[in-house]
Every structure is written in C-alpha cells, then in structure tokens.
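A.B. asks: give me a 3D structure for the following:
(one chain, ligands or ions: 1)
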Amino acid sequence: MKRVRAVAEPKGTGKEPFDIDEVFRRLRRELADRPKAAMFDLRDRGYGSPFEQLVGSLISARTRDETTIAVCLRLFAEARTPEAILALGEGELAHLLSGATFAEVKARDIRAIARRIVEEWGGEVPKDAESLMSLRGVGPKIAALTLAVGFGQPAIAVDIHVHRIVNRWGYVETTTPEKTMAALAEILPERYWIEINERLVPFGRFVCTGTRPRCSSCPLLSMCRQVGVVAPR
Ligand code: SF4
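C.D. replies: Coordinates of the predicted model:
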C-alpha cells in the first residue's frame with residue numbers, strides 16, 4: 001500500500017491538516033474557468049495521440065502555453081504522424097514551428113524522433129519511459145507527459161510549477177524536479193498522477209505564481225504550509 005505522508009501538523013498556526021483529496025477538489029473548483037495546461041487543452045481538442053503529445057511536449061519547452069497551442073494546431077493541420085512529419089522538409093517543419101522557442105532545433109529533434117519511431121518501432125511511439133528518454137530532446141517531463149496524457153498511463157509529469165507548489169505546500173521537501181517526481185511517486189495516490197500536472201500548471205500560472213503568490217485569495221491557504229514564501233499577495 002502506498003505510504004501517504006502526513007504533512008507535519010503546525011502547532012498554533014491555525015492550519016488544517018493537509019488533505020490531498022480536499023486539495024484536488026478545491027483545485028478543480030478554482031481552475032474551472034481558467035485556461036487549461038497546453039497538453040491537456042490539445043488532448044481535449046482531439047490531439048491526444050502519443051505522437052501528438054510527444055511532439056507537443058517538445059514544442060512546449062520554454063514556450064508559453066498559448067503559443068504552444070497555436071503552433072501545434074498549425075503543425076497538426078499538416079502532419080499528425082511520424083510518417084507525415086518526415087514527408088515535410090526540415091525547412092518547412094521549422095517554418096510551421098515558428099513562434100516556438102528554438103524552432104529550428106526543435107524541427108531537427110522532431111524529425112530525428114519521427115525517423116527513429118518509424119525505423120525502430122514501426123511507426124508506433126514506444127510505451128515506456130526508458131525508450132522515450134532515449135529520443136533526442138526527451139527528458140523525464142516529456143516522457144511522463146507522453147505516457148500520462150498520450151497513453152493514459154499513471155505517470156507524474158513534474159515541471160517547474162509542480163515542483164515549486166508541492167514544496168510550498170510542504171507535501172515534499174526536494175531540490176529538483178527529478179527528486180520531486182521520485183518523492184511524489186512515493187506519497188501521491190496514483191489516482192492523481194496524471195491530474196497533478198493538469199491542475200498545477202494553470203494554478204502556478206494564475207495563483208501560486210513564482211514570485212508573490214496570491215496566498216490571500218488562494219483556496220488552499222487554510223492547509224498550505226507556505227514553505228519558503230516570503231512576499232505573498
Ligand atoms: S497559500 Fe500561497 S503558497 Fe500555498 S498554494 Fe496558495 S498561493 Fe501557493
């Protein structure tokens with residue numbers, strides 16, 4: 001059985017016990033009218049195949065969500081499979097990616113990935129993290145997003161928002177996204193593995209922001225330990 005870590009009870013702070021089920025209930029309510037995280041938005045628009053999620057995650061690196069979505073919609077209107085990507089010239093692919101950061105580098109990576117998928121896996125995206133991370137430009141977060149959103153497999157995609165927020169909650173105490181992923185795999189109930197990225201990316205953009213988080217109007221304030229928060233709004 002999964003060991004669920006109880007966040008240390010703060011004495012005399014008036015904080016409620018940290019209840020992860022209640023946290024997710026409040027997050028869903030808070031975010032109902034906010035823009036979705038890019039990969040989940042694309043999935044809900046019908047671009048949820050493993051290859052589309054893999055390519056979309058690569059495009060999203062260091063690129064704003066609104067731009068990622070627009071670039072992916074433009075690309076997927078032309079090519080949605082490894083074979084179709086390879087049929088595009090590299091220049092044409094880079095042109096379709098324009099607006100994303102490092103468009104030319106990403107075009108090279110995406111073509112290299114498409115070629116390996118065709119040549120080594122018969123055109124099917126491999127369904128394990130190790131094979132995914134052997135692809136050019138693919139690290140733990142992109143592999144996890146592909147597995148989670150593309151394949152619907154329980155995988156925890158930790159980006160900078162997820163890493164920052166779960167540490168502020170006091171739910172984990174880690175120094176890097178990779179360590180956060182490992183810590184969450186120990187303590188987060190599996191039913192939230194896919195959803196945590198879906199919720200915390202927009203929550204990190206609009207509420208628990210990198211600097212000056214909006215604690216005074218945050219629905220989690222009564223439970224959050226606010227670890228390391230120095231100048232909340
Ligand atoms: S109370 Fe503040 S630090 Fe905690 S989750 Fe909300 S915004 Fe983030």
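A.B. asks: ranges for the helices of this protein?
C.D. replies: Here the chain has its helices, by DSSP state H, at 20-31, 38-44, 50-60, 65-78, 82-87, 90-96, 103-121, 129-133, 140-145, 160-169, 177-187, 195-206.
A.B. asks: tell me which helix or strand of the chain sits lowest on mean pLDDT?
C.D. replies: helix 90-96 (a mean of 93; mean pLDDT, DSSP states H and E).
A.B. asks: buried residues in that helix, which are they?
C.D. replies: 93-94, 96 (16 or more other Cβ atoms under 10 Å). (Glycine included, C-beta is placed from N, CA and C.)
A.B. asks: just stretch 202-221 next, same as before
C.D. replies: 202-205, 207-209, 213, 215, 218-220.
A.B. asks: what is the most widely separated pair among these?
C.D. replies: 202 and 215 (17.0 Å; Cβ to Cβ).
A.B. asks: in the chain, where is pLDDT below threshold?
C.D. replies: Applying pLDDT under 70 to the chain flags residues 1-12.
A.B. asks: how is it carved up into domains?
C.D. replies: 1-33+156-233, 38-150 (automatic domain parsing).
A.B. asks: what about the ones you listed, which gets the closest to the ligand?
C.D. replies: domain 1-33+156-233 (3.1 Å; Cβ to the nearest ligand atom).
A.B. asks: the closest one and the ligand, any residue contact?
C.D. replies: Yes. Part of domain 1-33+156-233 sits near the ligand under the criterion Cβ under 6 Å from any ligand atom, namely 165, 168, 207-208, 213-215, 218, 220-221, 224, 226, 229, 232.
A.B. asks: okay, the domains of the chain, which one's buried deepest?
C.D. replies: domain 38-150 (a mean of 19; mean count of other Cβ atoms under 10 Å).
A.B. asks: what is the end-to-end distance of it?
C.D. replies: 13 Å (Cα to Cα, to the nearest Å).
A.B. asks: picking that back up, from the buried residues of helix 90-96, which is closest to residue 64?
C.D. replies: residue 96 (17.4 Å).
A.B. asks: looking at it, the closest one is touching residue 71, isn't it?
C.D. replies: Yes. Here residue 96 lies in contact with residue 71, judged by Cβ atoms under 8 Å, at a distance of 7.5 Å.
A.B. asks: residues in contact with residue 117?
C.D. replies: Going by Cβ atoms under 8 Å, 6 or more residues apart in numbering, residue 117 touches 51, 82, 123-126, 135.
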